[in-house]
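> Return a 3D structure for these sequence lines:
(one chain, ligands or ions: 3)
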Amino acid sequence: MDPIPARVTDADVLELVDVLLEDVDEAPEEPPARRPWLPTALIGLGAVLVIAASSTAVIAAFRQSATAERVTATSRLADAYQDALYTATVEQSLERAVRLTDDPELLGWHRDAGSSLDQALTEVETVGTAADVELVERVRERHDAYTTLIPVGLGSGPRADAADRLAVEASEDVQDLLSEASQARYREADAIRESAASSARTTATAQAVAVGVLLLVLVAAALLALAWWHRLRREKVRSQHRALHDELTELPNRLVLQDRVEQALLVGRREGGVTALIVLDLDRFKEINDSLGHDYGDLLLQQIGPRLRRELRESDTVGRLGGDEFAVILPRISGVDGAMVVAEKLARALEEPFVVNGMSLAVEASVGVAVAPDHGDDVRTLLQRADIAMYVAKDNKLGVSSYDSSVDGHSPARAALLGDLRRAISERELSLHFQPKTDLVSGALQGVEALVRWQHPTQGLLSPDAFVPLAERTGLVHSLTRFVLDSALAQCRAWYDQGLELPVAVNLSTRTLLDRGFGDEVKARLAYWKLPPRLLTLEITESALMGDPARAAELLGELADQGVRLSIDDFGTGYSSLSSLRTLPVHELKIDRSFVRDMLTSPQDASIVRAIVDLGHTLGLTVVAEGVEDEPTARELSRLGCDLGQGYHLGMPTTARRLLGDMGPVGVWAPRPSPPVDLP
Ligand code: C2E
Ligand code: CA
Ligand code: CA
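Ligands and ions are numbered 1, 2, ... in the order given. I've put the predicted structure just below:
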């Protein structure tokens, strides 16, 4: 099965970016501002007030019209009384005039006045209440008495005089009753009018107050709602900012960078322009972080963005990819050369020391440049290629480098895997399996070889062949080797603490031989884990040794001096000369598994195996056969005098924990008698 994924298309990348951006939209936001209860309560109160104010207005209107009716009725009644009173007065005056002149016309008028009074009283009865009807009855009684007495009074004599007096009294009674009643009715109408006016005033005041309060409530509710809306907006903006920016440096994060590159690429495609992506990785950051602490590291990282900005145009973007890695997008640039000029400027800007807490810190950066469309025209490819260029720069101590397709296996899928591998190393997706090296005679476990594995998030468990050669093309293999070395030593230390002295072998890449600091690094890691150097074996392939024999001799000498054991891996495939074998300080030869595999069927391979065993023993080396897959092969190897075997038949590569179970009880692990094992 080919572990390398099929070619990654632009559509895949766009989809990825879309998914990433979707994630931003869906990024867990701050819990939204709680729906404010106060404006809602105020609006409720406002509504209650509106209902109250309008219903009082309606009631007041009803009451006013009822009052007006009552006033009209009462006034009409009062007027009727007044009319009656007037006619009664006129009647009495006419009666006096009749007495003086005895004019028959006046007498007629007097009678008319009487009937006018009657009409007026009828009117009172019509408009008035039961009390008025009663009063009218009394008035009529008195008036009847008056009209009855008048003819008697017109005569002479004491009877006439008495009748006159009584008639006057009756007439006065009539007038008094009517006058009182009319006054009373007028007063009543006034009182009704007055009380109506005062209740109208109260209603008006209450309404004015209600309207005022209502306005206040509405204004308050509006203000509160406005404040709430502002808060919501602010929170939304803030959470968007958080999703899109790096927390420590406040610079745009990887997601935004990807989006901006995408935008720049779109514009570039339309206008036929060039977009550059520059990746910067600080060279001494880890040292600063380790020696001075994370606070210093953080403060330093915060200064990088502004320092880079200084050298850039407004339209350029600076962001943080993570860790000590930054990226710069130049959306419009003349070409690779123009981008390289900017990249050099950025590298120089970072060379100026940074002052952190009064301390002057020097960092340098390795800078990689990739441009679209020359090096790729989708975000992912461009980022990977800028990355590869950066690794080339770092590896060759170039400072700045632009992407060179000859360094990268020409395959976007491989480049994609490379990008993933960088993350895998930093996020510990890598792990080690251990495969036993056993004594072919006694079957005792003599050591283990550490074999790296990558638990890829989508591709599953990957074997080193899928990614180690890739890592070797860039400086990434150094981080990989460092990881494997350190993890293997950690495991060795764990076994050591359980009373097991189990030597571990770690594979070195060809490029490790060129790494000047590697000897010191091994020393430092052994010291860190407090392990005797003889428990570490380093395996170097024969072809790697032959690539640069002088440098190999130098490093191997350095390592052997420390007491580390050295093994030549895949022996038999690299045409090493006998003389170089003699001069190199190696301890072990591993016969390449291609010879072991067919040694029972191919006499040629069998004789190569025998020759290697003999050669190894002649040089005083331990000989290990790789790829021992069955019992007959193991027996034949043992018969040829091969010391150790490694292969599926003797033990599969497995996790440290399973290894113990697979190998049975610890007691069968016989320590190797020679060379003697000295404990520190
Ligand atoms: P190698 O150094 O020759 O490692 C032995 C390889 O042979 C391992 O493959 C192992 O699983 C496989 N093997 C063991 N027994 C048998 C057997 O009986 N038959 C067959 N056909 N194969 C057997 P693996 O783990 O896939 O590693 C492949 C190569 O990757 C290694 O070859 C080594 O060159 C490289 N490698 C592994 N781990 C590392 C590492 O940590 N760093 C570096 N630089 N290279 C590594
Ligand atoms: Ca090996
Ligand atoms: Ca090998």
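> can you point me to the longest strand in the protein?
strand 445-456 (DSSP state E).
> Can you show me the strands along the stretch 551-680 of the chain?
According to DSSP state E, counting those that start in this stretch, the stretch 551-680 of the chain carries its strands in the segments 565-571, 588-591, 622-625, 644-645.
> buried set for the first one?
Right, strand 565-571. 565, 566, 567, 568, 569, 570, 571 (16 or more other C-beta atoms under 10 Å). All C-beta atoms are positioned from the backbone trio N, CA, C, and that covers glycine.
> cool, and stretch 649-658?
Within stretch 649-658, judged by 16+ other C-beta under 10 Å, the buried ones are 649, 650, 651, 653, 654, 656.
> among the strands of the stretch 551-680 of the chain, which is nearest ligand 2?
strand 565-571 (4.3 Å; C-beta to the ion).
> Whether that closest one contacts ligand 3 - can you check?
Yes: using C-beta under 5 Å from the ion, strand 565-571 reaches ligand 3 at 569, 570.
> And the buried residues of strand 565-571, which two are furthest apart?
Maximum pairwise distance among the buried residues of strand 565-571 (C-beta to C-beta): 17.1 Å, between 565 and 570.
> Have a look at the protein and report its longest helix.
The longest helix of the chain (DSSP state H) is helix 158-244.
> about what we covered before: CA atoms only for the longest strand of the chain - export them in CSV, please.
Output of strand 445-456 as CSV, limited to C-alpha atoms (Å, rounded to 0.1, in the frame of the first residue of the first chain):
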residue,chain,number,x,y,z
LEU,A,445,17.8,-10.6,24.2
GLN,A,446,20.9,-8.6,23.6
GLY,A,447,19.5,-5.2,22.7
VAL,A,448,16.7,-3.5,20.8
GLU,A,449,16.6,-1.3,17.8
ALA,A,450,14.4,1.8,18.0
LEU,A,451,12.2,2.2,15.0
VAL,A,452,10.2,5.4,14.6
ARG,A,453,6.4,5.3,13.8
TRP,A,454,4.1,8.1,12.9
GLN,A,455,0.5,7.9,13.9
HIS,A,456,-0.8,10.1,11.1
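> next helix or strand past that strand?
strand 460-462 (DSSP states H and E).
> Just the buried residues of that following strand, please?
For strand 460-462, using 16+ other C-beta under 10 Å, the buried residues are residue 462.
> Identify the residues contacting that strand?
3, 453, 454, 455, 456 (C-beta atoms under 8 Å, 6 or more residues apart in numbering).
> Quick check: beta-bridge partners of residue 366?
residue 281 (DSSP bridges).
> With adjacent residues omitted, what lies nearest to residue 464?
Spatial nearest neighbour of residue 464, excluding adjacent residues (C-beta to C-beta, 6 or more residues apart in numbering): residue 452 at 5.2 Å.
> farthest residue from the center of this structure?
The centre of the chain is farthest from one residue, residue 157, which by C-alpha atoms, centre = their mean lies 124.3 Å away.
> Ramachandran angles for that residue?
The phi/psi pair for residue 157 (degrees, to the nearest 10) reads phi 100, psi 170.
> pLDDT value on it, please?
Note on residue 157: pLDDT of 85.
> measure it to residue 488 for me?
The spacing between residue 157 and residue 488, counted by C-beta to C-beta, to the nearest Å, is 162 Å.
> now residue 206
90 Å.
> same question, residue 120
On the measure of C-beta to C-beta, residue 120 and residue 488 end up 132 Å apart.
> The two: which is more packed in?
residue 488 (27 against 23; other C-beta atoms under 10 Å).
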